[in-house]
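**Q** here is my input, please return the structure:
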Amino acid sequence: MSTKPTTTDLAWTELDQRAVDTARVLAMDSVQKVGNGHPGTAMSLAPAAYLLFQKLMRHDPSDADWAGRDRFVLSPGHTSLTLYVQLYLAGYGLELEDLKSFRTWGSLTPGHPEYGHTTGVETTTGPLGQGVANAVGMAMAARYERGLFDPEAPEGASPFDHTIWAIVSDGDLEEGISAEASSLAGHQKLGSIVALYDDNHISIEGDTATALSEDVLKRYEAYGWHVQRIEQSASGDFDIEQLYAALKTAQAETERPSIIAARTIIAWPAPNAQNTEASHGSALGADEVAATKRVLGFDPEQHFQVDTEVINHARGLVDRGREAHAAWDKKLQEWRNNNPARAAGFDRITAGELPEGWESALPAFEAGKDVATRKASGQVLKALGGVLPELWGGSADLAGSNNTTIDASSSFLPKDNPLPEADPYGRTIHFGIREHAMGSTMNGIALHGNTRVYGGTFLVFSDYMRPAVRLAALMKLPVTYVWTHDSIGLGEDGPTHQPVEHLSVLRAIPGLNIVRPADANETAIAWREITRRHSDNPAPHGLALTRQNVPTYEADENAAKGGYVLFEAEGGQPQVILIGTGSEVQLAVEAREQLQAAEVPTRVVSMPSIEWFEEQDKGYRDSVLPPSVKARVAVEAGIGLTWYRYVGDAGRIVSLEHFGASADYKVLYREFGLTADSVVTAARESLDAAGQ
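**A** You can find the predicted model right below:
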């Protein structure tokens, strides 16, 4: 473990120190004005955040989306003022009025940083540990991006080389997701990550001795990280020279991710509030704020005091950022001149465009053949992989079951990995048995930009991913989940592996689109629609796919609308509508045959995606589900919660309202009443209830 950083070349003036102290004052005043928030960590981290933004990071406040920028992740999102104040000082567009409206309706400074809401915020953080995994995903994406565009360049020589900076906390490192992600980062040797660990020994319940006693750096050393520790200065604050040297040393370490533990005092230098749990999540109080301002040499009667020379000094970063951007543009142009084909690909991908004729690569499946939708998905993925080099992904150790491998000969692994298919720029990600980290690293990959990512596991294990999935929906990130073994149809593995409530639970997440295709052709159409939506209508998508074979029907482009008429009623207007998804569409089709034989005109509607269906105009939705037809049956091998709004008062639902069992899937469907006969019985009950 490195403990003695080298001598630095840091230029640190009195104005820099005054800017740091100004950041502390602004953090106190912002929380005090609204009456709630987290001032303590923002105060103690002010020197580190200022050092990163003003002296170390490559970024341009006038272009927050610059492709060549370093990324910054504030994993402990509760200390959002750590970031907001630096965005204000740096010139990203926040002004004092925004800090004064902290945590209030309509402000640009919500309680936790929100991606897409505040310029300069790279990811939405709040649930602890997520930011750690986001940073890992960004580093993975940075390496894959380099492989797409500039793989031969020496380390540090490519315009696509940049650093992922992160601030992490005790709380982040206690959450299990950070362990998953950090283990993955160490295994992948992601040398572009530099994490500063705010080791302040304080949590909401007091001293971290209540719950944490491990040697964190030894744990990270075991993960394969480069580790350093820096101590406080004699005053109790950061030793700026030592911190700068440690950060530079970490940035220079390109073979391993780096973490620096910094012992800090929360709420430094508040005379009475420092080193207390109260300062973590409460306003300091007017008296303590005034006392702290006196310690720092500020007027205790002034609020949100920012000296003109301080803000002018800090916003000199705008010019420095533009200069760095211009130098990068020159370097990128040299690369363009030497790599015209790759430059064309870079322009297409950064524009979010798809290559001409890409759809023609998608397979079509012959009607009448039985194919598992997971198998069809695998074939579609391989086809898409052939025309979209930016598409990559893998599985949480279930690739053979999820059918998520585009190229088995190309694994995303560091160059010294012993496996013969290892390639630092490989196509196939091996997330390991780390579903939660997979979800959040996928978020980081999407946030980084310039690639398209997917990840697979069994649908039942979406439980492990749910916090990351929710954040993907909140951020409107175009990530794709390949969730296979989507029902009791997986059979003998039994109830621990058989999803029952999962489809309804996932559909309850606003902004998440669940797609459960009925057959191979719907699967191909689903992948095509998801691919189209990546840039124009970004959102996370979850594909729920069968283990077992299901019948293949004629392809219908209306599947991309989320719901459509698969088989029309014969012998007149429909008297009853049967709605199915996934493997249960075949039950609706079989039931229709029985009802038609009994001279009951019956329509079958396949509804692979409720979310897509609800996007359609009312005219289309009514054409599929005419309001005049009150007799309706929905059938799905899961709880029926989703379907009440579609079947109405007279409708019936054939569902599974209990856990499964271990047996052949055909036995399970029969024993649990998921049969065509059950659908017919339900249809007759619905017809009676509708008075037809």
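
**Q** quick one: contacts for residue 223?
**A** Residue 223 makes contact with 182, 183, 185, 186, 187, according to Cβ atoms under 8 Å, 6 or more residues apart in numbering. C-beta: built from backbone N, CA, C; applies to glycine.

**Q** most centrally placed residue in this protein?
**A** residue 443 (2.4 Å; Cα atoms, centre = their mean).

**Q** please, which helix or strand holds it?
**A** Applying DSSP states H and E as the criterion places residue 443 in helix 435-448.

**Q** tabulate the CA atom coordinates of that helix in PDB.
**A** Extracted as PDB, the C-alpha positions of helix 435-448 are listed here (Å, rounded to 0.1, in the frame of the first residue of the first chain):
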ATOM      1  CA  GLU A 435     -26.700  -9.500 -11.100                       C
ATOM      2  CA  HIS A 436     -27.000  -6.300  -9.100                       C
ATOM      3  CA  ALA A 437     -23.600  -5.000 -10.300                       C
ATOM      4  CA  MET A 438     -24.500  -6.100 -13.900                       C
ATOM      5  CA  GLY A 439     -27.600  -3.900 -13.800                       C
ATOM      6  CA  SER A 440     -25.700  -0.800 -12.500                       C
ATOM      7  CA  THR A 441     -22.600  -1.300 -14.600                       C
ATOM      8  CA  MET A 442     -24.900  -1.400 -17.600                       C
ATOM      9  CA  ASN A 443     -26.200   1.900 -16.400                       C
ATOM     10  CA  GLY A 444     -22.700   3.200 -16.300                       C
ATOM     11  CA  ILE A 445     -22.000   1.900 -19.800                       C
ATOM     12  CA  ALA A 446     -25.100   3.600 -21.100                       C
ATOM     13  CA  LEU A 447     -24.300   6.900 -19.300                       C
ATOM     14  CA  HIS A 448     -20.800   6.900 -20.800                       C
END
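
**Q** now do that helix: distance to the chain's middle.
**A** Taking Cα atoms, centre = their mean, to the nearest Å, one finds helix 435-448 lying 5 Å from the centre of the chain it belongs to.

**Q** would you put the C-alpha positions of stretch 52-60 in PDB?
**A** Extracted C-alpha coordinates of stretch 52-60, given in PDB (Å, rounded to 0.1, in the frame of the first residue of the first chain):
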ATOM      1  CA  LEU A  52     -10.600  17.500  -8.900                       C
ATOM      2  CA  PHE A  53     -12.700  20.100 -10.800                       C
ATOM      3  CA  GLN A  54     -10.100  22.900 -10.900                       C
ATOM      4  CA  LYS A  55      -6.800  21.100 -11.100                       C
ATOM      5  CA  LEU A  56      -7.100  17.500 -12.200                       C
ATOM      6  CA  MET A  57     -10.200  16.700 -14.300                       C
ATOM      7  CA  ARG A  58     -10.200  17.200 -18.100                       C
ATOM      8  CA  HIS A  59     -13.600  18.800 -18.800                       C
ATOM      9  CA  ASP A  60     -15.200  21.800 -20.400                       C
END
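
**Q** for that stretch, the averaged confidence score.
**A** Taken as a whole, stretch 52-60 has a mean pLDDT of 98.

**Q** same question, stretch 106-115
**A** What stretch 106-115 shows for mean pLDDT is 98.

**Q** residue numbering should commence at 854 henceforth.
**A** Sure, I'll start numbering at 854, so the last one becomes stretch 959-968.

**Q** gap between the two ends of that stretch?
**A** With Cα to Cα, to the nearest Å as the measure, stretch 959-968 spans 15 Å from end to end.

**Q** list of residues touching that stretch?
**A** 883, 890, 927, 930-931, 933-934, 936-937, 946-947, 951-952, 954-956, 970-971, 974-979, 1300, 1327-1328.

**Q** try 7 Å
**A** Stretch 959-968 has contacts (Cβ atoms under 7 Å, 6 or more residues apart in numbering) with 890, 927, 930-931, 933, 936-937, 947, 951-952, 954-956, 970-971, 974-979, 1300, 1328.

**Q** select only the buried ones of those residues in PyMOL?
**A** Provided next is the PyMOL selection string for whichever of the contacts of stretch 959-968 are buried by 16 or more other Cβ atoms under 10 Å:
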select buried, resi 890+927+930+931+933+936+937+947+951+952+954+955+956+971+974+975+976+977+978+979+1300+1328
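
**Q** among the contacts of stretch 959-968, which lie within helices?
**A** Secondary structure of the contacts of stretch 959-968 is defined by DSSP state H; positions in helices are 933, 936, 937, 951, 952, 1300, 1328.

**Q** pretty sure the second one contacts residue 929?
**A** No: with contacts counted by Cβ atoms under 7 Å, residue 936 stays clear of residue 929, the gap being 10.2 Å.

**Q** please enumerate the strands of the stretch 904-1053 of the chain.
**A** Using DSSP state E, counting those that start in this stretch, the strands of the stretch 904-1053 of the chain run over residues 924-927, 1017-1022, 1046-1052.

**Q** pull the CA atoms of the first one into PDB?
**A** Coordinates of each C-alpha in strand 924-927 appear next as PDB, following Å, rounded to 0.1, in the frame of the first residue of the first chain:
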ATOM      1  CA  ARG A 924     -16.200  11.500 -15.900                       C
ATOM      2  CA  PHE A 925     -17.000  12.400 -12.300                       C
ATOM      3  CA  VAL A 926     -19.300  10.200 -10.200                       C
ATOM      4  CA  LEU A 927     -20.400  11.400  -6.800                       C
END
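
**Q** hmm, who's touching it?
**A** Residues from elsewhere that reach strand 924-927 (Cβ under 7 Å, 6+ apart): 905, 910, 935-936, 966, 975-976, 978, 984, 987-988, 991, 1017-1020, 1301.

**Q** next: stretch 1157-1169.
**A** Stretch 1157-1169 is contacted by residues 868, 871-872, 875, 878-879, 882, 907, 942-944, 949, 952-953, 1151-1152 when judged by Cβ under 7 Å, 6+ apart.

**Q** in this protein, where is pLDDT below threshold?
**A** Counting by pLDDT under 70, the chain contains low-confidence ranges at 854-860.

**Q** related to what we said a few turns ago, ok, so of the ones in helices among the contacts of stretch 959-968, who is nearest residue 1092?
**A** Of all those, the one with the least separation from residue 1092 (Cβ to Cβ) is residue 936, at 22.8 Å.

**Q** mind checking how far the closest one is from residue 1517?
**A** The gap separating residue 936 from residue 1517 is 55 Å, by Cβ to Cβ, to the nearest Å.
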